[in-house]
Each structure stands twice: as C-alpha cells, then as structure tokens.
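1. here is my input; please provide its structure:
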Amino acid sequence: MSANKTAPTAVDPTEFISAVPHPTRRADAEVLLGMMEEASGQPPTMWGPTIVGFGSYHYKYDSGREGDAGAIGFSPRSANLALYGLTIAPTAGPLLAKLGKHKRGASCLYVNKLADVDLEVLTQLARDGYRYMMDVVHDPS
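-> Residues are numbered from 1 along each chain as shown. Down below sits the predicted model:
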C-alpha cells in the first residue's frame, strides 16, 4: 500500500500562517489557531504543506489500510477556510444549523470568513469533533 500523502511535518504552523497572502484569511487562521488549540488541548502541527492540525488519531479500514490523521484542523485556502473533523460528532447537526453561513463537503466544513459564523458554535463543534475523534474513532491498536 502507498504511504499517506498527509503526514506531520516540522514546519512551524505560525510561520505558515504568517505567510498566508490574503489578510482576512491570515487573520482568521490566527483566530482558528488559538481556538482549536484551546478546544483540543493540543499544540498545532502542520500536516502536509497546508493543513494545521491538533492532536492525532489512528484509523484502520476494513481494507487493511491504516494510518494517522489530525483529529481536528484547518487550512486557510485562497477561496475559503477548510475545517476538518468538525462535522463528525453526533452533536454536529444541531450546531451546524446555528453556525451561520457555511458549506459542507464530504468530511469538511467550508467557511468564507469567520465573520460569517458564530464563533461560540464553531468552538463547540471543534470541542465535540476532537472528543469524538479521540473517544470513538481513534483505534489505538
């Protein structure tokens, strides 16, 4: 099996964020950095070249493929903020209904800017997503 493309790197997440060219995206990434670190209790780690992750979990599929991934995280993309691990917890549905302007992908939450959403709701999504990843999805074997 091939190696996972997204793995932890030694790049400093604050240096990555400071290099984000779009000023609003950069400012929002700084807010997300502090919020997700507090919500998870974990320091930030770069996963690949563009994802800032917090904590990690081990997964194992029925196919035999397994690996590690960031429990929650974000990527300040040019078009939007991509948020990872926030839609998986059973509590996500009601919270997403109160979040504000957003879009959902297969496993991502997309926000144009943090001013479009309720930060308290987003923080709760991060807390719940992190706990669910660590308590339910994580496979320590």
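
2. isn't H102 up against L114?
-> No. H102 lies out of contact with L114 (C-beta atoms under 8 Å); the separation is 10.7 Å. For every residue, glycine as well, the C-beta is placed using N, CA and C.

3. next SSE downstream of whichever helix in the chain runs longest?
-> Secondary structure of the chain per DSSP state H: the longest helix is helix 23-40. Scanning forward in sequence from helix 23-40 by DSSP states H and E, the next helix or strand is strand 44-47.

4. for that following strand, C-alpha coordinates in CSV please.
-> Provided in CSV are the C-alpha atoms of strand 44-47 (Å, rounded to 0.1, in the frame of the first residue of the first chain):
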residue,chain,number,x,y,z
PRO,A,44,-0.7,22.8,16.4
THR,A,45,1.2,20.6,13.9
MET,A,46,1.5,21.0,10.2
TRP,A,47,0.0,18.0,8.3
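
5. secondary structure element for the residue nearest to the spatial centre of the chain?
-> Against the mean C-alpha coordinate of the chain, by C-alpha atoms, centre = their mean, the closest residue is G73 at 1.9 Å. Taking DSSP H and E as the definition, one finds G73 inside strand 66-76.
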